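[1] can't give you the sequence, but here's the structure:
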């Protein structure tokens, strides 16, 4: 079995596979799917907004969305899994909640937008589950990723933009935003594991990943993000 970090499609009758290089001419839809990944405080929200504005100015129809969330049921599941006060959520339950949210998101929102020719900018996707529920929570990464691949009918991003920020800087940025959610409030060991896993994902998927230094000034980061996005759309 191919390790899930490589995202190589498998001959699984329960999964409709896409090519390993999802940016190839074999895309099954006219739109472009760009996911953003990175640790907390990496600047994803800021860069997604800047990119959406830049693409809209160039005449593209853009959908900005996020995970968990993106649909009515997804936002309810987001509140359940991220807000404090919902009782203990064990790793297996957490993984299933994220997969359920992702299933609704992929089928109800992302795929229809791609079929309509839109550029979809998604704040987190399957790789976040590989990092958070897989490596971070100590679950088997292959199982976690393949669960989401099944849930989404194997809808993979054409490009994944990793905003790479040193752990300490990301934690400082996230802390400056105010009250931390369940994920953000985890300890440094957890977040160090996430950072390492995102690096491993980028290394294992060079055809899909654009790794961008997110510690630089916002406009410098934006220029590289825009270049990566335009390269994917082309």
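    Arrived safely, thanks for sending. Everything quoted here is computed from the prediction, not taken from an experiment. Numbers count the residues shown, from 1 in each chain.

[2] least confident secondary structure element in the protein?
    helix 167-176 (a mean of 75; mean pLDDT, DSSP states H and E).

[3] and that helix, which residues are buried?
    Buried residues in helix 167-176, counted by 16 or more other Cβ atoms under 10 Å: 167, 170, 171, 173, 174. Placement of C-beta: from N, CA and C, glycine included.

[4] where do the strands of the protein begin and end?
    For the chain, the strands defined by DSSP state E occupy 32-37, 62-66, 119-123, 159-164, 209-213.

[5] report the angle between the first one and strand 119-123.
    Think strand 32-37. 10 degrees (axes from the mean of the first three to the mean of the last three Cα atoms, to 10 degrees).

[6] ok, how many other residues are close to residue 130?
    Other residues within reach of residue 130, judged by other Cβ atoms under 10 Å, total 26.

[7] which pLDDT value goes with it?
    Per-residue confidence at residue 130 stands at 98 (pLDDT).

[8] now do residue 42
    pLDDT, residue 42: 92.

[9] that one and residue 212 touch, don't they?
    No. Using Cβ atoms under 8 Å, residue 42 is not in contact with residue 212; the gap is 9.7 Å.

[10] tell me, what's touching the two both at once?
    Counting by Cβ atoms under 8 Å, 6 or more residues apart in numbering, the shared contacts of residue 42 and residue 212 are 163, 164.

[11] dump the strands of the chain to a markdown table, plus mean pLDDT.
    Converted to a markdown table, the strands of the chain look like this (pLDDT from 0 to 100):
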| stretch | mean pLDDT |
| --- | --- |
| strand 32-37 | 98 |
| strand 62-66 | 99 |
| strand 119-123 | 99 |
| strand 159-164 | 98 |
| strand 209-213 | 98 |
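
[12] ok so, going back, elements contacting the least confident helix or strand of the chain?
    Under the contact criterion of 3 or more Cβ pairs under 8 Å, 6 or more residues apart in numbering; DSSP states H and E, helix 167-176 touches helix 188-204.

[13] quick one: buried residues of the helix it packs on?
    So, applying 16+ other Cβ under 10 Å, buried residues of helix 188-204: 191, 193, 194, 195, 197, 198, 201, 202.

[14] then stretch 208-221?
    Buried, per 16+ other Cβ under 10 Å, within stretch 208-221: 208, 209, 210, 211, 212, 214, 215, 221.

[15] including distance to residue 230, could these go into a markdown table?
    Shown next, in a markdown table, are the buried residues of stretch 208-221 (distance: Cβ to Cβ, whole Å):
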| residue | distance to residue 230 |
| --- | --- |
| 208 | 16 |
| 209 | 16 |
| 210 | 11 |
| 211 | 17 |
| 212 | 14 |
| 214 | 19 |
| 215 | 23 |
| 221 | 15 |
